[in-house]
Structure formats: structure tokens, C-alpha cells
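Trainee: No letters, just coordinates:
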């Protein structure tokens, strides 16, 4: 308990989110229409009845009309709006319900990390999944998250999610922190908010040497040795915090765990999800309308 605020921020999140449910966040930029649509349909059609799936937030970012061609992003928005207006056949039933989709459209300098950050604030379930827009969710995906769900100390679980090492790039005199793989990341919202980690990335130059500090503390925290790091230059005056670097840091600093999961949570079978789409004439009509765009 926070003596000044009565509750901790983790408690606030825990008490105001829907339990044992998942919001999906799919960020989309220049992925072709077909792959994007199959990714969205895979969440809608490969989630089991009474299971964890609650909602999808689609984040579409890209150029505005001053800076480039917006046709791809415009078509993605139209597809989502038509799909949402028609409704949803939940869990392969004939009944039609309101489609559980929210759309965020961002332009110009708003990139991937900023789009995802916008969506995480909106999430109203105690778990959320960040997923690339060119992958297909497999049936039975919930079973692959069993350990993540049962161990409260696991803050995030994903495909190839274990952080790579911090490296010194000698050709650019840069200290480079690990990037998070966004193919599929399951997150506990209370830990993400409580730790203060952000997906945002930063590239920061300086006239000074960024590596003028206690090397031992740096090496110990990141599990490195001087031999691993291979610091060859006298001066490193660029820092690159990549997508998710601050999440890795904050979760580790708060004693929380990161877990790899197997890639079987995703499918490589486009035909299988297309066959499911064909079961619903209106879904197939919308899909065919935009497949060539």
C-alpha cells in the first residue's frame, strides 16, 4: 500500500481492469493488406469461446498527405471500419455481435513505439498482447501462455523475448541497448505500469563521453564482463535505447521476470484462416474487396 496515495499504482490497475482477459494491440504501417487482414481475422476466429480474448486495438500509422502516399493506411482504416460496422461471428457461431475492435489512426512522425504506447493506456484488461500485423495467431494460443498466467512474477512473455546483450558499436562510437522482438509479446498491465517501462526508443548524441561512470555496476546489472563488452574506443558519444530497452531495464530493476515462449503460438498456414473466413459470406466479401489493395 502507498501511504500517501492509499493504493499503489499496481493496485489501481489491478482493481480497474477486467480479470483474466486479453486485449490485443496490432500496430500496422506498411505491411500489405492481405497479411494485415489475415492477422486481424486470426484473432477474431482463432480465439476460443469463454476464453481470454476481449478486444483488439488496431494502431495504423504512416505518412499524411503532406509527406507521402496514404492509400495503404486509408484502405486499412476502411477495412477495419467495415468489419466493425458489420459485426463479429464470435467463436465461429452464426450469431452476430458488435465487433470488439477499436481503431487508432496516427500520422506523420508518430511511429511504431508511440502508436503502441497510445494503445497501452487504453487497455482495459489485466493482460494485453502486442502482436505484429503480418503474423497469424494459432488456435490454442491460450495454452501457450499457461506459465505466464500462473506466475505473477513473469511480467512479459514472448517469442525470442530474452534481451540481447548491450553492445558497444565501435564504428559509430555508440552504446546500443537491446531491442524487443514485437512478433508476439504478452504483458501484465499492472507490472508494465508499475515498473514505469516504456516502449519508446531514443537515439541521443552528446559531446561528452557517455561511458564515464561506474563500469562495474553497469557490467553487473546487464550480466556482462569487460571482455564481453569489448569497449575499444576512448569515447562513446551516442546512446541508442531501442524499442523496449527501457522495459527490459525497469522490469529487471524491479525483480520481475521475462519468459520466452515457443513460436507455435503463431501459425504459418494462411490457407487455414482463409478457409475460416469463407464460412461467413460477409467476411469473405470484405476480405476480397481489399485483398488486391
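Mentor: Received, thanks. These figures come from a predicted structure and were not determined experimentally. Numbering: from 1, shown residues only.
Trainee: CA only for contacts and neighbour counts going forward, please
Mentor: Noted.
Trainee: Next, give phi and psi for residue 254.
Mentor: Residue 254 has phi and psi values of phi -100, psi 10 when expressed as degrees, to the nearest 10.
Trainee: no no, residue 238
Mentor: Dihedral pair for residue 238: phi -130, psi 140, per degrees, to the nearest 10.
Trainee: Show the pLDDT at the residue nearest the centre of the chain.
Mentor: Taking C-alpha atoms, centre = their mean, the centroid of the chain lies closest to residue 130, which sits 2.5 Å from it. Per-residue confidence (pLDDT) for residue 130: 96.
Trainee: Which residues are in contact with it?
Mentor: Residues near residue 130 by C-alpha atoms under 8 Å, 6 or more residues apart in numbering: 24-27, 116, 182-187.
Trainee: The same query, at a cut-off of 7 Å, please.
Mentor: Going by C-alpha atoms under 7 Å, 6 or more residues apart in numbering, residue 130 touches 24-26, 182, 184-186.
Trainee: Which parts of the chain are strands?
Mentor: Remark: strands assigned in the chain by DSSP state E are 18-28, 53-62, 101-107, 125-132, 136-137, 154-158, 167-169, 174-176, 184-188, 202-205, 238-241, 257-260, 266-267.
Trainee: Rebuild the contacts of residue 130 as CSV, extending it with pLDDT.
Mentor: Formatted as CSV, the contacts of residue 130 follow (pLDDT from 0 to 100):
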residue, pLDDT
24, 97
25, 97
26, 97
182, 90
184, 95
185, 95
186, 96
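Trainee: Nearest to residue 154 among the residues you listed?
Mentor: residue 186 (9.9 Å; C-alpha to C-alpha).
Trainee: Next one: that closest one relative to residue 256, how far apart?
Mentor: Per C-alpha to C-alpha, to the nearest Å, residue 186 is found 14 Å from residue 256.
Trainee: which of these two has more neighbours?
Mentor: Set residue 186 next to residue 256 and count neighbours by other C-alpha atoms under 10 Å: residue 186 wins out with 25 against 16.
Trainee: Nearest residue to the more buried one in space, please, no chain neighbours.
Mentor: Spatial nearest neighbour of residue 186, excluding adjacent residues (C-alpha to C-alpha, 6 or more residues apart in numbering): residue 129 at 4.3 Å.
Trainee: these two touch, right, the one you found and residue 21?
Mentor: No: using C-alpha atoms under 7 Å, residue 129 is not in contact with residue 21; the gap is 10.5 Å.
Trainee: Quick check on the two: which one has the bigger neighbour count.
Mentor: The neighbour comparison of residue 129 against residue 21 (other C-alpha under 10 Å) goes to residue 129, with 24 against 17.
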